[in-house]
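*Asks:* The following comprises the amino acid sequence and a computationally predicted model.
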Amino acid sequence: MAKNFVGANSTTQNPRRPPETRSPTTSPFGRWRFDVMTKLRILPLASLLVALALSVAPVPSDSAALVADTFTYPIPRLQRVGLPKPYGVNNPDLKGHSQCYGVAKADLLHAGEDWFAPETTAVQAVANGTVVYSNPTERYPGGVVITEHNLSDGTLVYSLYAHLNPDTFIVPAGVSVTKGQKIADGLIKQTEQGNDNTHLHWELRFFRDGSAINRGPKYDRTCAGVAGPGYTYPGHPNNFLANGGKGPTFSWTDPSRFVATHLSVQLAPQMGGPVRQRGETFFTNQVQFTYQSGQVILSGDPPPTNLFAVDDAMTLTVTRPDGTSATWSHVFEVGCYTINPLAPVDITNLFHTGVNVVSVRLYDVCGVSEGTANAIFLTNAVP
Ligand SMILES: [Zn+2]
């Protein structure tokens, strides 16, 4: 139990500021200071969350069924050359009439992102998934791989990697991959008007097969086929509807933005209630977390920069791919009077490369109240 959380819901505020000087109107923990009625409403929800966490905890066994817990970029951002050509923009360099949609090529919108990089650059899977399409000789030019990813809510999303070098390794269809696993060993050399135009074109989209995409009677290269054209008709690519209209989600999405918002998994929600039995464990959860490279940061919401706090304590156990485990724990209460929030913590050393399972336990120490200041997240901050 704690009378107050010391500090604030932002790293920009002083965590040592005494609670009595904190203005209630700006308290980020306003919802934390519930009255009796709020407690009565929250308690059944907290119990439900515990029950849910215990019943649906994912335990990875068969890699073919691995959930895409977090995403990364297909090439480490440090390895790309200059800024990428973004998603959803016109390409004024495209000249002439489109044979895909019957409009001028210069009016078409980019359905993915181009990342310029040397031809020796390896390409990695952006998340756990299954390779559902691999064609090393697709006339994109270069090879194309499409991987299916199963999000924890059941949504399927597909990553497409194009302009792969057919003369080096390209992962075959049917293979399961984990986040960061190599899917190609290089990019096909491209030049445009004498300039180096070697790049990866990559997409994230909510459909697998682009062969139903509108096309004219004469088409060449990628205007038809599973890979799709790489460009879409005037209108935002998010709203793209293939032939027959598969609904509003049957579309592409901004790939870098998607990855940026899928670097984290939630370990615990914002929650709170009265203590029934002093010292009790009031929340447990188990999540899959695939680690490839970079830092793993434990933080509050929004991740990975915000403070976090538990009334009163937290234990986190990581079971690594080789079966070994490591534990991090912290008691937030001080003298059963205040809760000291923690700045984001780097817990990279708890993880090994591959699929780790993270078990979380939140427990009371002082009685009276229990909960979290805000949701708690684990983030793989990738290079
Ligand atoms: Zn492109």
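*Replies:* Thanks, I have it. Source: prediction; values computed, not measured. Numbers count the residues shown, from 1 in each chain.
*Asks:* ok, what's across the strand from the residue of the stretch 151-300 of the chain found nearest the ion?
*Replies:* With distances taken as Cβ to the ion, the stretch 151-300 of the chain approaches the ion most closely at His201, which sits 3.4 Å away. Glycine gets a C-beta too; all of them are placed from N, C-alpha and C. Taking DSSP bridges, one obtains Asp114, Ala162 as the residues bridged to His201.
*Asks:* from memory it sits against Glu113, does it?
*Replies:* Yes. Under the contact definition of Cβ atoms under 8 Å, His201 touches Glu113, with a separation of 7.4 Å.
*Asks:* Which residues are in contact with the residue of the stretch 151-300 of the chain closest to the ion?
*Replies:* The contact partners of His201, by Cβ atoms under 8 Å, 6 or more residues apart in numbering, come to Gly112, Glu113, Asp114, Tyr140, Leu160, Tyr161, Ala162, His163, Gly230.
*Asks:* Turn those into a markdown table, including neighbour count, distance to the ion and pLDDT.
*Replies:* Shown next, in a markdown table, are the contacts of His201 (neighbours: other Cβ atoms under 10 Å; distance: Cβ to the ion, whole Å; pLDDT from 0 to 100):
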| residue | neighbour count | distance to the ion | pLDDT |
| --- | --- | --- | --- |
| Gly112 | 30 | 5 | 94 |
| Glu113 | 24 | 7 | 96 |
| Asp114 | 21 | 4 | 95 |
| Tyr140 | 20 | 9 | 83 |
| Leu160 | 26 | 10 | 98 |
| Tyr161 | 29 | 11 | 98 |
| Ala162 | 28 | 7 | 96 |
| His163 | 27 | 8 | 96 |
| Gly230 | 23 | 5 | 87 |
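*Asks:* now, the most widely separated pair of those residues?
*Replies:* Farthest pair in the contacts of His201 (Cβ to Cβ) is Glu113 and Tyr140. Separation: 14.6 Å.
*Asks:* picking that back up, could the contacts of His201 be laid out in TSV, adding distance to Asp346?
*Replies:* Below are these laid out as TSV (distance: Cβ to Cβ, whole Å):
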residue	distance to Asp346
Gly112	32
Glu113	29
Asp114	33
Tyr140	40
Leu160	33
Tyr161	30
Ala162	35
His163	36
Gly230	39
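*Asks:* about what we covered before: any figure for the gap between the residue of the stretch 151-300 of the chain closest to the ion and Pro74?
*Replies:* The gap separating His201 from Pro74 is 10 Å, by Cβ to Cβ, to the nearest Å.
*Asks:* Mutual contacts of those two, please.
*Replies:* Both His201 and Pro74 are in contact with Tyr161, where contact means Cβ under 8 Å, 6+ apart.
*Asks:* Would you mind listing what in the chain touches the ion?
*Replies:* Residues of the chain lying close to the ion by Cβ under 5 Å from the ion are Asp114, His201.
*Asks:* what ranges of the chain fall below the confidence cut-off?
*Replies:* Under the criterion of pLDDT under 70, the regions of the chain flagged as low confidence span 1-65, 99, 214-224, 241-250.
*Asks:* Name the residue closest to the centre of it, please.
*Replies:* His262 (1.4 Å; Cα atoms, centre = their mean).
*Asks:* how near is that one to Gly142?
*Replies:* 26 Å.
*Asks:* Please apply the same query to Val334.
*Replies:* When distance is defined by Cβ to Cβ, Val334 is 59 Å away from Gly142.
*Asks:* For the helix or strand containing Leu267, which strands pair with it and how are they oriented?
*Replies:* With elements delineated by DSSP states H and E, Leu267 resides in strand 264-268, which encompasses its position. Applying DSSP bridges, strand 264-268 is found paired with strand 376-381 (antiparallel).
*Asks:* residues in contact with the strand it pairs with?
*Replies:* Identification of contacts with strand 376-381 by Cβ under 8 Å, 6+ apart yields 70, 72, 263-268, 287, 289-292, 294-301, 303-304, 308, 310, 314, 358, 360.
*Asks:* Would you mind giving me the PyMOL syntax to select the buried ones in the residues you listed?
*Replies:* Those of the contacts of strand 376-381 that meet the burial criterion (16 or more other Cβ atoms under 10 Å) are gathered into one PyMOL selection, given here:
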select buried, resi 70+72+263+264+265+267+268+287+289+290+291+292+294+295+296+297+298+299+300+301+303+304+308+310+314+358+360
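*Asks:* Tell me which entries of the contacts of strand 376-381 lie within strands.
*Replies:* Using DSSP state E, 264-268, 287, 289-291, 295-299, 310, 314, 358, 360 are the members of these that sit in strands.
*Asks:* Now the phi/psi pair for Leu78, please.
*Replies:* Geometry field for Leu78 lists phi and psi as phi -70, psi -20, criterion degrees, to the nearest 10.
*Asks:* ok, and what's touching stretch 180-195?
*Replies:* Contacts for stretch 180-195 (Cβ under 8 Å, 6+ apart): 72, 93, 117-125, 131, 141-143, 145, 147, 161, 163-171, 177, 196-200, 290, 292-293, 353.
*Asks:* Mind checking which of these are buried?
*Replies:* The buried subset of those - by 16+ other Cβ under 10 Å - is 72, 117, 119, 121-125, 131, 141-143, 145, 147, 161, 163-165, 168, 170-171, 177, 198-200, 290, 292.
*Asks:* Can you name the helix or strand that the residue nearest to Pro255 when sequence neighbours are not counted falls in?
*Replies:* Counting by Cβ to Cβ, 6 or more residues apart in numbering, Leu204 is the residue found nearest to Pro255 once chain neighbours are left out, at 4.2 Å. When secondary structure is defined using DSSP H and E, the element that contains Leu204 is strand 199-205.
*Asks:* Cool, thanks, signing off.
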